[in-house]
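Visitor: dropping the sequence and predicted coords here.
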Amino acid sequence: MIDIDIDRALKTFLDLVQIDSPTYEERPIIERIASEFETLGLPAFNDCTGRDGAGNLHVRLPGTRPDLAPLLLCAHTDTVEPGRQIRPVVRDGVVRTDGRTILGADNKASVAALLEAARTVVRHNLPHREVDLLFTWGEERGHAGAAAFDASRLRATMGVTLDDTEDPGHITVAAPAYFSILARFIGKAAHAGAAPEQGISAIVAAAAAVGRMRLGRIDHETTANIGLIRGGTARNAIPGTAELEGEARSLDNGKLERLVAALREAIETAARDTATQLELTIKQEYAAYRWPESETIVAEAVAAVRRCGLPPSLRVSGGGSDSNTFNEKGLRCLNVAIGMKEIHTVNEHIAVDDLRKTCQIATSLITG
Ligand SMILES: [Zn+2]
């Protein structure tokens with residue numbers, strides 16, 4: 001069994017979550033991660049594809065076991081809001097916040113685990129494979145950092161992201177494709193009391209569009225949502241503009257194409273029926289993936305989990321990760337679970353024991 005210094009790993013995690021890193025504001029966190037690796041004698045390369053000097057941080061751990069194929073291990077550095085001035089609290093073996101912010105275990109528990117795994121391997125001179133450690137920016141905005149990363153820098157052709165909320169031991173071998181939808185209806189503003197005849201309500205158009213949509217769970221592998229609606233200027237004004245933001249996901253690329261076509265039809269029909277102008281942006285953010293049990297990366301992940309004394313469990317996820325984007329680039333990646341809970345809420349938390357297991361799994365993936 002791999003011996004992890006959980007106190008050191010926990011301290012790293014608590015330090016990292018106290019460095020603010022909302023998406024696009026990730027320079028301080030990557031500078032900290034780079035300095036931690038440099039302490040281990042491992043130089044870190046910043047590709048500067050982010051904003052304000054931030055970027056994807058790439059660290060190569062040279063291998064001592066040429067019998068093992070190189071592996072990519074990846075965590076993301078950005079967090080969602082409210083994610084500033086995070087104050088972590090450790091109570092009863094669980095790390096939480098003071099209730100004002102998210103915790104950022106998504107994904108700093110994995111950043112800490114990868115750091116701890118590298119320290120364990122380097123300081124104990126454990127035989128290990130060659131590893132590309134990658135810390136991506138902008139994962140929470142359509143995997144922007146992973147999309148911008150030049151994968152030809154990697155020695156690895158397969159890899160693992162550590163960015164799933166199930167308990168450690170779960171391995172996501174399939175994840176859905178994702179489309180984002182932004183619809184802007186442009187009507188005509190007018191005074192609602194004095195001259196309503198002169199107005200064309202963009203909110204009525206947006207509402208009509210939503211009314212024509214099938215949303216929520218479409219089938220066992222397909223979902224759709226309108227998550228944001230914006231529009232209007234005042235209670236007494238016919239709203240001149242209104243916007244809808246939504247998404248559609250499916251594990252089946254064909255089903256997703258048909259669903260997106262139906263959503264487009266709903267929006268365009270509503271605009272036509274209400275005589276509003278329409279600016280519509282529908283964009284595929286990433287494609288689906290599904291790996292069979294026979295795939296090498298699945299076998300590698302299963303073996304790594306087993307070496308930690310955990311029962312591996314293969315699963316299909318409803319959410320995406322940087323793995324979707326790396327797979328589009330021709331790598332073979334999947335996502336492993338770290339036990340972070342209630343992510344993207346102020347109740348986000350992670351058990352110290354799950355952080356320990358995540359450190360073990362990361363180390364086990366490196367040592368092979
Ligand atoms: Zn994440």
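Guide: Yep, it's here.

Visitor: find the nearest non-adjacent residue to whichever residue of the stretch 151-300 of the chain sits closest to the ion, please.
Guide: Residue of the stretch 151-300 of the chain nearest the ion, by CB to the ion: residue 163 (4.2 Å). For glycine as for every other residue, the C-beta is placed from the backbone atoms N, C-alpha and C. Nearest residue to residue 163, sequence neighbours excluded (CB to CB, 6 or more residues apart in numbering): residue 321, at 4.6 Å.

Visitor: just the pLDDT for the closest residue to residue 157 other than its chain neighbours.
Guide: The spatially closest residue to residue 157, leaving aside those adjacent along the chain, is residue 331, at 6.1 Å (CB to CB, 6+ apart). In this prediction, residue 331 carries a pLDDT score of 98.

Visitor: distance of residue 331 relative to residue 286?
Guide: Applying CB to CB, to the nearest Å, one obtains 13 Å for the distance of residue 331 from residue 286.

Visitor: of those two, who's got more company?
Guide: When residue 331 and residue 286 are compared for neighbours, residue 286 comes out ahead with 24 against 18, by other CB atoms under 10 Å.

Visitor: re the thing from before, ok, the residue nearest to residue 157 - contacts?
Guide: By CB atoms under 8 Å, 6 or more residues apart in numbering, the residues touching residue 331 are 72, 151, 154, 156-159.

Visitor: which of those are buried?
Guide: When neighbours are counted using 16 or more other CB atoms under 10 Å, these contain these buried positions: 72, 151, 154, 156-159.

Visitor: on that earlier part again, residues near the residue nearest to residue 163, how many?
Guide: Other residues within reach of residue 321, judged by other CB under 10 Å, total 26.

Visitor: format the buried ones among the contacts of residue 331 as CSV; extra columns: secondary structure, distance to the ion and pLDDT.
Guide: CSV is the format used below for the buried ones among the contacts of residue 331 (DSSP: H, G, I helix; E, B strand; the rest coil; distance: CB to the ion, whole Å; pLDDT from 0 to 100):
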residue, secondary structure, distance to the ion, pLDDT
72, strand, 16, 98
151, helix, 20, 98
154, coil, 20, 98
156, coil, 20, 98
157, coil, 23, 98
158, strand, 20, 98
159, strand, 16, 98
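
Visitor: now the two most distant members of the residues you listed.
Guide: Using CB to CB, the buried ones among the contacts of residue 331 reach their maximum pairwise distance at 151 and 158, which is 11.7 Å.

Visitor: related to what we said a few turns ago, of the buried ones among the contacts of residue 331, which is the nearest to residue 353?
Guide: Distance to residue 353, by CB to CB, is smallest for residue 159 among the buried ones among the contacts of residue 331, at 25.5 Å.

Visitor: thought the closest one was touching residue 72?
Guide: Yes: here residue 159 lies in contact with residue 72, judged by CB atoms under 8 Å, at a distance of 2.7 Å.

Visitor: joint contacts of these two?
Guide: Contact with both residue 159 and residue 72 is made by residues 132, 326, 331, 333, according to CB under 8 Å, 6+ apart.

Visitor: so of these, which ones are in helices?
Guide: Judged by DSSP state H, the subset of those located in helices is residue 326.

Visitor: circling back to that earlier point, neighbouring strands for the helix or strand hosting the residue of the stretch 151-300 of the chain closest to the ion, and are they parallel or not?
Guide: Residue 163 is part of strand 158-164 when elements are defined by DSSP states H and E. For strand 158-164, sheet partners with direction are given as strand 71-76 (parallel), strand 332-337 (parallel), following DSSP bridges.

Visitor: can you say which of those is packed in most?
Guide: Counting by mean count of other CB atoms under 10 Å, strand 71-76 has the highest mean neighbour count of the strands paired with strand 158-164, with a mean of 28.

Visitor: could you dump the helix or strand following that one to PDB, C-alpha only?
Guide: Of the helices and strands lying after strand 71-76 in sequence (DSSP H and E), the nearest is strand 88-91. The C-alpha coordinates for strand 88-91 follow below in PDB (Å, rounded to 0.1, in the frame of the first residue of the first chain):
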ATOM      1  CA  PRO A  88     -11.500  26.300   4.700                       C
ATOM      2  CA  VAL A  89     -12.600  24.600   7.900                       C
ATOM      3  CA  VAL A  90     -11.600  21.100   8.800                       C
ATOM      4  CA  ARG A  91     -14.100  19.500  11.100                       C
END
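
Visitor: before we move on, back to that, so who does the residue of the stretch 151-300 of the chain closest to the ion touch?
Guide: Contact criterion CB under 8 Å, 6+ apart gives 74-76, 106-107, 110, 139, 321-323, 335, 338 as the residues in contact with residue 163.

Visitor: cool, residue 243 as well?
Guide: With contacts defined as CB under 8 Å, 6+ apart, residue 243 is in contact with 182-185, 206, 228-231.

Visitor: now do the SS call for it.
Guide: Three states are possible here, and by DSSP: H, G, I helix; E, B strand; the rest coil the one that applies to residue 243 is strand.

Visitor: next one: it from residue 328, what distance?
Guide: To residue 328, residue 243 is 28 Å away according to CB to CB.

Visitor: what's the neighbour count on residue 42?
Guide: By other CB under 10 Å, 16 other residues sit near residue 42.

Visitor: enumerate every residue touching it.
Guide: The contact partners of residue 42, taken as CB under 8 Å, 6+ apart, are 59-61, 118, 122.

Visitor: am I right that it is in a strand?
Guide: No: when three-state DSSP is applied, residue 42 is found to be coil, with no strand at that position.
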